[in-house]
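K.L.:
I'd like to go over a predicted model; first the sequence, then the structure.
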Amino acid sequence: MPPSMPAPNIRIPIELLTPTAFAQFGTAVENPTTAPSAKLPVPHRIPPPDSVSANQGFATKYLDVTHMSNLYTLAPSKKPAKAVMNMFACAPRNLRPHEPSESMPSSWGDLELDDDDDDGGRDDCERQLLDIGILERHPFTTQTFIPMGLSAADKHTQYLVIVAPTLPASASRRNTARPPPYPTPKLERRRSLKDIFARARPSPYSVDTAPPPSLFSRLPPSARPKGPGLPDLKNLRAFVATGGQAVTYGAGTWHAPMIVIGDRPIDFVVVQFANEVGIEDCQEILLKANNASHEGVVVTVDTDASGKVQVKAGVGAVKAKL
């Protein structure tokens, strides 16, 4: 049985999955010319990846659209990992009927999710609820989910990407009265004489007045080790993705299992590293409401008459009171 943590009474709106919005947690992989985010205002777009002509001019090759990270040298067992490719055949989730609630997502301020009429505020829009009872992470590897057989234009089936930042280890202990569930060792390396003298001011090896930054400091935030902390549930976020998007979770990013919304299953090819040490490959945490009067962590899912998930927060929202 995985360890558990108390969950606040909170409802999370759905955002559009874009590379900019998701950058803290990993990479949204998409065609930069045809993806929904290509139509967003410039401040909400990131530069497209470099590209070259390929296939005798009949293709455009986008370079380094996502990055795989293998951090298993930090794992307690020191057992090497290998690249693996699995498939997850994910069936659509059962949602429960909408019920009014006073809870609202703190990460979105005073976003009023339940001020609509009983029919969801629109005759062609249905509101349902998705309970989030578990999060997981892969502390030493990225994990890329690639949907197969799902059109980018499919309105009847989509999938949700639900992620949370990582709390500092000290906050995890304070909020649960116990240490974090999965202590992750710090990277330890023996310092050479050059390293020791390089901390002098000024450095004897350059004109710099400080030692060079560490390897991890050069990486984007999503690619750095996250530490052993619990998920920050008050800043949990939910994104809706189409068949034209793949997603890479940064190593150690807390996320929900892949969630399909709609009419039919989605098959995902999943690429990651693994060393077959269970607690190092995957770690889980159960989310339990504080008491019977609380519902815990819930994502509000609004769909139109065709079944297309409606975006309720962030850029591209159909309705947001911020």
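P.N.:
In hand now; what should we look at?
K.L.:
mind checking how far E280 is from F88?
P.N.:
Remark: distance between E280 and F88 (C-beta to C-beta, to the nearest Å) = 20 Å. To be clear about C-beta, it is placed using only N, CA and C from the backbone, and glycine gets the same treatment.
K.L.:
how about the helices in the stretch 51-200 of the chain?
P.N.:
With helices called from DSSP state H, counting those that start in this stretch, the stretch 51-200 of the chain shows them at 169-176, 193-198.
K.L.:
Would you single out the least confident of the ones you listed?
P.N.:
Across these, helix 193-198 has the smallest mean pLDDT, namely a mean of 55.
K.L.:
right, and the helix or strand after that helix?
P.N.:
strand 237-241 (DSSP states H and E).
K.L.:
Next one: H98 from T144, what distance?
P.N.:
H98 is 33 Å from T144, by C-beta to C-beta.
K.L.:
My error: substitute A89 in the last question.
P.N.:
Separation of A89 from T144 (C-beta to C-beta): 17 Å.
K.L.:
if you count what's nearby, which of the two comes out ahead?
P.N.:
T144 (22 against 10; other C-beta atoms under 10 Å).
K.L.:
Count the neighbours of the spatially closest residue to F25 that is not a sequence neighbour for me.
P.N.:
Excluding its sequence neighbours, the residue lying closest to F25 (C-beta to C-beta, 6 or more residues apart in numbering) is V163, at 4.3 Å. For V163, the neighbour count with other C-beta under 10 Å is 24.
K.L.:
so what's V163 scoring on pLDDT?
P.N.:
97.
K.L.:
Give me the three-state assignment for A21.
P.N.:
What DSSP: H, G, I helix; E, B strand; the rest coil gives for A21 is helix.
K.L.:
In contact with it, which residues?
P.N.:
Contacts for A21 (C-beta atoms under 8 Å, 6 or more residues apart in numbering) come out as 15, 28, 44, 239, 314-315.
K.L.:
now do T144
P.N.:
29, 66, 68, 246-249, 270-272.
K.L.:
filter these to the buried ones?
P.N.:
29, 66, 246-249, 271-272 (16 or more other C-beta atoms under 10 Å).
K.L.:
Low-confidence regions, the protein specifically.
P.N.:
Applying pLDDT under 70 to the chain picks out residues 42-43, 104-123, 172-218, 292-293, 318-322.
K.L.:
Domains in it, by residue range?
P.N.:
4-44+70-187+227-303, 190-224 (automatic domain parsing).
K.L.:
Need the winner for burial among these.
P.N.:
By mean neighbour count, with neighbours taken as mean count of other C-beta atoms under 10 Å, domain 4-44+70-187+227-303 ranks first of these at a mean of 18.
K.L.:
so Q128 sits right up against E99, yeah?
P.N.:
No: with contact defined as C-beta atoms under 8 Å, Q128 does not reach E99; the gap is 10.1 Å.
K.L.:
overlap in contacts of these two?
P.N.:
With C-beta under 8 Å, 6+ apart, Q128 and E99 have no common neighbours.
K.L.:
if I look at the residue nearest the centre of the chain, how far off is P48?
P.N.:
In the chain, the centroid-proximal residue (C-alpha atoms, centre = their mean) is V163; its distance is 3.7 Å. According to C-beta to C-beta, V163 and P48 sit 23 Å apart.
K.L.:
Kindly report the same for F25.
P.N.:
20 Å.
K.L.:
just I10 next, same as before
P.N.:
For I10, the distance to P48 - C-beta to C-beta - is 35 Å.
K.L.:
from the contacts of A21, which is closest to R224?
P.N.:
A28 (18.3 Å; C-beta to C-beta).
K.L.:
got the phi/psi numbers for the closest one?
P.N.:
According to degrees, to the nearest 10, the main-chain angles of A28 amount to phi -90, psi 120.
K.L.:
hang on, it packs against V247?
P.N.:
Yes: at 5.8 Å, A28 counts as touching V247 under the criterion of C-beta under 8 Å.
K.L.:
Report the two of the buried ones among the contacts of T144 separated the most.
P.N.:
V29 and Q272 (14.4 Å).
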